[in-house]
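> Sequence and predicted structure are below.
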Amino acid sequence: MNLYTFRNPAFNGLSNYRDILAMPEFYTTLLRTVVWTFVNVFFHVTIGMFLAICINRNFPGKNFFRVFLMIPWAIPQYIAVVTWKNMFRTQYGTIDIILNKLGITGIAWLSDPSWTFVAAIITNIWLGIPFMMMVFYGALKSVPHEMYEAGEMDGVNSWQKHMKITIPLLKPVAIPAIVLGSIWTFNMVNVIFIMTDNTGNDVTQILVTRVYKDAFTYFSYGKAAAFSVLIFIILAMFSWAFIKANKSGEGVYE
Amino acid sequence: MRNPRFERRDTLPKMIFIYAVLTIMFVVDIYPVLDIVKISLRPYSSLFSSSLNIIPADATLENFRTILTKPDTPFLLWMKNSFIISMVTAIFGVVLSTTAAYSYSRYKFIGRNVSMTSFLLTQIFPAPMTLLPMYILLRKFGLVDHFTGIIIPYVATAVPFSVWVLKGYFDTIPASIEESAHMDGANLFQILTRIVIPLSLPALGVVTLNSFMMAWNEYAVARVVLTNNGMKTLPVGLVGMTGSFRTDWGIYSAGSLLAAIPVMILFMSMSKVLINGLTLGGVKG
């Protein structure tokens, strides 16, 4: 098929799909993508919810923290990732300098692909926390105060209060936020793309960077398209199952 | 604690813990920004230095002067392009998604659930894959290197999220208010502009800001659609500067700061609106 005009495509059935599903690399990349998504979303949600609980009270400096904790969301993403990459540089990068002072040396963040993947995860966690924090903080503000007062009457402690009152009440907000967050993280190209200098080494890539590489580096567009459809199916199934399992479809659908 | 500025039930150790957590997060969040400041103030000769001082000893504003005056990097023109594209995207995106979200919120019609779900599904499909077909379409319509050619995909990208946020917010406005306005003889357009929109300002603020920021920061689509140096947006221009054989990180950082600071101020000054307008689902008391 001519890629520039989309004319005269030759039909080759499902052979692109068969090729992909027969590749062992597909399954390792899929597993890495799942790890990437789970670790990122887990920390986005837990840290975001924790910070939201921290600022959901009156104290001097509340507005200051609320505004400045939004920096990672407010800064343009491509600038943030390039900056983090510079911070991970050996010898001149801030993180390396600080780690050296702490006596930890020899982590080759940008030349050892496994460490590059860790660096990408750290960067992406940093980027995603404020969104979750704001979503949960907005929801917490509408939790009626009397519920906590009733809890106090019954003598619950602070930990029980959050586990038994706050978190169940946040569920209708948390389910769509987790689904959206997982989809965005699963399909996040920028971070890994910039961190690895567009190479997407086999040990650092996730499914969506693989799509990018197949389409724009190898120009094997049919394979990239088959990859995309597989990603679409995986995410659609995950979203459907997650929403069903938590029975809070009404938060999303009504 | 007796101080009325604190909550009655927050004990002193608890508040110390909270301040400690928030301060650590504040440092982690602001440090990368200070890192850009640091590099932008360094003269070319000491670009690679392992000093951790935020303001270098030999600080200079030379990088800022260079980026604003260098003829092959028309920074102010890129900024103007970005501003025009982002404004038009925000305006069209908000108008389209307000009317769509209002009909989803108030009317039952055939295909309602299917089309709302399909909005969600567009978020699932990997974006890189849509790049090539979109480029071919835009070229057929002669829209490559046109602002229209970039604004159409941007509006299409912004609308699904906006519709979901706005619909969630419209659902919380009681229909009885609109019914009584209808009794008084207001038509649909008047109900929308005089009642629904003024009551939904927080949600409208969120989607306007989100659409503007999306267009201001987008790189992948802009890179293929806008190739002429005079048509480029800020992200394309800035990332292009790092591609050359030897990147001058000082000038790049100065440019990044000038590109990031306006939107960061805009975004952070609207944080109150963001909290009130971002409705995903809802808390039932």
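Right, received. Where do you want to start? Numbering: from 1, shown residues only, chains lettered A, B, ... in the order given.
> can we go C-alpha only for contacts and neighbour counts from here?
OK.
> Okay, and residue 170 sits in which element?
Using chain A here. helix A:167-186 (DSSP states H and E).
> look at chain B instead
Mapping B:Phe170 onto the secondary structure by DSSP H and E places it in helix B:147-171.
> May I see the buried residues of that helix?
Taking 16 or more other C-alpha atoms under 10 Å in any protein chain shown as the basis for neighbour counts, the residues of helix B:147-171 that come out buried are B:147, B:149-155, B:157-170.
> same thing with stretch B:131-151?
Under the neighbour-count criterion of 16+ other C-alpha under 10 Å, stretch B:131-151 has B:131-132, B:134-136, B:138, B:143-145, B:147, B:149-151 buried.
> could I get it in CSV with only the CA atoms?
Output in CSV follows, covering the C-alpha atoms of stretch B:131-151 (Å, rounded to 0.1, in the frame of the first residue of the first chain):
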residue,chain,number,x,y,z
LEU,B,131,-1.4,11.3,13.3
LEU,B,132,-0.8,9.9,9.8
PRO,B,133,-4.4,9.6,8.6
MET,B,134,-5.0,13.1,10.0
TYR,B,135,-2.0,14.5,8.1
ILE,B,136,-3.2,13.0,4.9
LEU,B,137,-6.7,14.4,5.4
LEU,B,138,-5.4,17.9,6.2
ARG,B,139,-3.2,17.8,3.1
LYS,B,140,-6.1,16.9,0.9
PHE,B,141,-8.0,19.9,2.3
GLY,B,142,-5.0,22.1,1.8
LEU,B,143,-4.8,22.9,5.5
VAL,B,144,-1.1,22.0,6.2
ASP,B,145,0.7,25.0,7.4
HIS,B,146,-2.6,26.8,8.2
PHE,B,147,-3.8,27.7,11.6
THR,B,148,-7.2,26.1,10.7
GLY,B,149,-5.5,22.8,10.1
ILE,B,150,-4.2,22.7,13.7
ILE,B,151,-7.2,24.2,15.4
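> before we move on, back to that, in the buried residues of stretch B:131-151, find the pair that's most separated.
Between all members of the buried residues of stretch B:131-151, the longest pairwise span (C-alpha to C-alpha) is found for B:Leu132 and B:Phe147 and amounts to 18.1 Å.
> Give me every residue in the stretch 1-150 of chain A lying close to chain B.
Those residues of the stretch 1-150 of chain A that sit near chain B, judged by C-alpha under 8 Å from any C-alpha of the partner chain, are A:4-5, A:51, A:54, A:57-60, A:65-72, A:74-80, A:83-84, A:87, A:91-94, A:97, A:126, A:134-135, A:137-139, A:142-144.
> 6 Å - rerun?
The stretch 1-150 of chain A has residues A:Asn58, A:Phe59, A:Val67, A:Leu69, A:Ala74, A:Ile75, A:Pro76, A:Tyr92, A:Met134, A:Gly138 near chain B, with proximity defined as C-alpha under 6 Å from any C-alpha of the partner chain.
> Can you show me the helices along the stretch 151-254 of chain A?
Remark: helices of the stretch 151-254 of chain A, listed N- to C-terminal, are A:158-161, A:167-186, A:190-195, A:207-216, A:221-246, A:249-253; assignment by DSSP state H, counting those that start in this stretch.
> For the shortest one, the averaged confidence score.
This points to helix A:158-161. Model confidence over helix A:158-161 averages 79 on the pLDDT scale.
> which helices and strands sit right next to it?
If contacts are counted by 3 or more C-alpha pairs under 6 Å, 6 or more residues apart in numbering or on different chains; DSSP states H and E, helix A:158-161 sits against no helix or strand.
> in that helix, what counts as buried?
If you call a residue buried by 16+ other C-alpha under 10 Å, then helix A:158-161 has these buried ones: A:Lys161.
> Let me see the backbone angles for A:Phe50.
The phi and psi values for A:Phe50, taken as degrees, to the nearest 10, are phi -60, psi -50.
> Name the nearest residue to it, sequence neighbours excluded.
In space, and not counting its chain neighbours, A:Phe50 is closest to A:Met133: 8.0 Å by C-alpha to C-alpha, 6 or more residues apart in numbering or on different chains.
> and the one you found, how many neighbours?
Applying the criterion other C-alpha atoms under 10 Å in any protein chain shown, we find 26 residues in the vicinity of A:Met133.
> returning to what we had before: what angle do the helix holding A:Leu170 and helix A:221-246 make?
Angle, helix A:167-186 to helix A:221-246, by axes from the mean of the first three to the mean of the last three C-alpha atoms, to 10 degrees: 180 degrees.
> Alpha carbons of helix A:167-186, as CSV, please.
Output of helix A:167-186 as CSV, limited to C-alpha atoms (Å, rounded to 0.1, in the frame of the first residue of the first chain):
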residue,chain,number,x,y,z
ILE,A,167,-12.5,6.6,51.5
PRO,A,168,-16.0,5.0,51.0
LEU,A,169,-17.4,8.4,50.2
LEU,A,170,-14.7,9.1,47.7
LYS,A,171,-15.4,6.0,45.8
PRO,A,172,-17.8,7.5,43.2
VAL,A,173,-15.1,10.0,42.4
ALA,A,174,-12.2,7.6,42.6
ILE,A,175,-13.6,5.0,40.1
PRO,A,176,-13.8,7.4,37.1
ALA,A,177,-10.6,9.1,38.1
ILE,A,178,-8.7,5.7,38.3
VAL,A,179,-10.1,4.6,34.9
LEU,A,180,-9.2,7.9,33.2
GLY,A,181,-5.8,8.0,34.9
SER,A,182,-5.1,4.4,33.8
ILE,A,183,-6.0,5.2,30.2
TRP,A,184,-3.9,8.3,30.1
THR,A,185,-0.9,6.5,31.7
PHE,A,186,-1.2,3.4,29.4
